[in-house]
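Visitor: Structure for this input, please:
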Amino acid sequence: MQHDERPTGSPLDGLEGLITPPVSRRGFVMTSLIGGLTLATTRVEAQAIRTDSEGIEAGEVAIPTGDGPMPGYRAVPRGEGPFPIVLVIEEIFGVHDYIKDICRRLAKAGYCAVAPELYARQGDLATMTDVQVILRDVIAKTPDAQWIADLDATAAWAASAARGDGKRLGAMGWCRGGRATWLYAAHRADLKAAIAWYGPLGGERTPIQPRTAGDVAAEIKAPLLALYGGQDAGIPVAAVEEARDRARAAGRSVELVVYPEAPHGFHADYRPSYRKAQAEDGWSRALAFLKANGVG
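Guide: Model (predicted):
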């Protein structure tokens, strides 16, 4: 009989079913975060929200992982804490000013918010200007096991070194990060709440990305708030409803909110897709959801 020789405490522990081991690590291509907004999509910089740092501490950090420091951004209220932790999961564009601002908004609301650069090993998103290149050369080549382990490392760091409370842990992600939110909710038993902003439920299955968000809907371990746009050309509302229904049939908790007139990316205030009313309503719901489920 063949035995699993992985030691206890391996980054792969608890990931069976979501990944295909083994996962090989590689060096970090990005050692610092993007300055400004992404170059890879149309920007409307005049409408971008800019949250100040009054009353909080905010800035770039180095998050310890098994193969070296990973760049990230942390914002936390001033004071001793510990403060509830929210893992902020980026879009495909990297931890740029929009994601950093979200961290500051969460810190203003009383959270230790940390956004790790989950694609730091696969490519330098600061220099990329073509969405298709990012999808092909970065997103498709990032193993799910890698970023799941990196989120675990981020949560551990936030609890031990960033005044975070590891017993009050939530996750929130946008677009590709919304997909990651579903998968992470299926992975982590002590996650208290998950919020997925228009995360795709389907997609291609590959050896390094073996399951879709829809595949794991019935396995989520934390209550999940799903915020989606009715005019999202890439994510049919029926697919989200199917995932919700599959989760509920398995006794899981999914609250789905669909904004009928909203497109994909309606929360991205730096893009033409931004819809202020829906974004603000979703944000209010997200904060209330965190608190209602013990992350607050």
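Visitor: quick one: contacts for the residue minimising distance to the centre of the chain?
Guide: Taking CA atoms, centre = their mean, the centroid of the chain lies closest to residue 89, which sits 2.0 Å from it. If you count contacts by CB atoms under 8 Å, 6 or more residues apart in numbering, residue 89 has them with 115, 118, 151, 171, 172, 173, 174, 177, 178, 180, 181, 184. All C-beta spots, glycine's among them, are computed from the backbone N, C-alpha and C.
Visitor: Now pLDDT, secondary structure and distance to residue 138 too, for those residues, in a markdown table please.
Guide: Shown next, in a markdown table, are the contacts of residue 89 (pLDDT from 0 to 100; DSSP: H, G, I helix; E, B strand; the rest coil; distance: CB to CB, whole Å):
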| residue | pLDDT | secondary structure | distance to residue 138 |
| --- | --- | --- | --- |
| 115 | 98 | strand | 16 |
| 118 | 98 | coil | 10 |
| 151 | 98 | helix | 17 |
| 171 | 98 | strand | 21 |
| 172 | 98 | strand | 21 |
| 173 | 98 | strand | 16 |
| 174 | 98 | strand | 16 |
| 177 | 98 | helix | 14 |
| 178 | 98 | helix | 17 |
| 180 | 98 | helix | 14 |
| 181 | 98 | helix | 19 |
| 184 | 98 | helix | 19 |
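Visitor: Now that we have those residues, which of them are buried?
Guide: Buried by 16 or more other CB atoms under 10 Å: 115, 118, 151, 171, 172, 173, 174, 177, 178, 180, 181, 184, out of the contacts of residue 89.
Visitor: neighbours around the closest residue to the fourth one other than its chain neighbours, how many?
Guide: Spatial nearest neighbour of residue 171, excluding adjacent residues (CB to CB, 6 or more residues apart in numbering): residue 87 at 4.4 Å. Residue crowding around residue 87 was assessed by other CB atoms under 10 Å; the count is 28.
Visitor: pretty sure residue 87 is touching residue 164, no?
Guide: No: using CB atoms under 8 Å as the test, residue 87 is too far from residue 164 to be in contact (9.9 Å).
Visitor: Give the intersection of the neighbour lists for those two.
Guide: 114, 155, 158.
Visitor: Identify those among these that sit within helices.
Guide: Per DSSP state H, helices hold the following members of these: 155, 158.
Visitor: Any chance of CSV for the shared contacts of residue 87 and residue 164, columns pLDDT and neighbour count?
Guide: Output for those, formatted as CSV (pLDDT from 0 to 100; neighbours: other CB atoms under 10 Å):
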residue, pLDDT, neighbour count
114, 98, 25
155, 98, 23
158, 98, 29
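Visitor: Pick the one among the shared contacts of residue 87 and residue 164 closest to residue 224.
Guide: residue 155 (17.1 Å; CB to CB).
Visitor: May I have the residues that are in contact with that closest one?
Guide: Shown in contact with residue 155 (CB under 8 Å, 6+ apart): 85, 87, 164, 166, 169.
Visitor: need the residues you listed in a markdown table with secondary structure, can you?
Guide: As requested, the contacts of residue 155 are exported to a markdown table (DSSP: H, G, I helix; E, B strand; the rest coil):
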| residue | secondary structure |
| --- | --- |
| 85 | strand |
| 87 | strand |
| 164 | strand |
| 166 | strand |
| 169 | strand |
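Visitor: now, the most widely separated pair of these?
Guide: 87 and 166 (11.5 Å).
Visitor: joint contacts of these two?
Guide: 155, 158.
Visitor: Sketch out the helices for the stretch 151-296 of the chain, chain order is fine.
Guide: Assigned by DSSP state H, counting those that start in this stretch, the stretch 151-296 of the chain shows helices spanning 176-187, 237-249, 276-292.
Visitor: Just name whatever secondary elements the longest one is in contact with.
Guide: Secondary structure elements in contact with helix 276-292, counted by 3 or more CB pairs under 8 Å, 6 or more residues apart in numbering; DSSP states H and E, are strand 193-197, strand 224-229, strand 254-259.
Visitor: So which of the ones you listed is the most surrounded?
Guide: strand 193-197 (a mean of 30; mean count of other CB atoms under 10 Å).
Visitor: Okay, now the sheet partners of that one, with direction.
Guide: Paired with strand 193-197 in the same sheet, following DSSP bridges, are strand 164-174 (parallel), strand 224-229 (parallel).
Visitor: can you list the ones you listed in CSV and add distance to residue 273?
Guide: Listed next are the strands paired with strand 193-197 as CSV, based on distance: least, CB to CB, whole Å:
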stretch, distance to residue 273
strand 164-174, 11
strand 224-229, 9
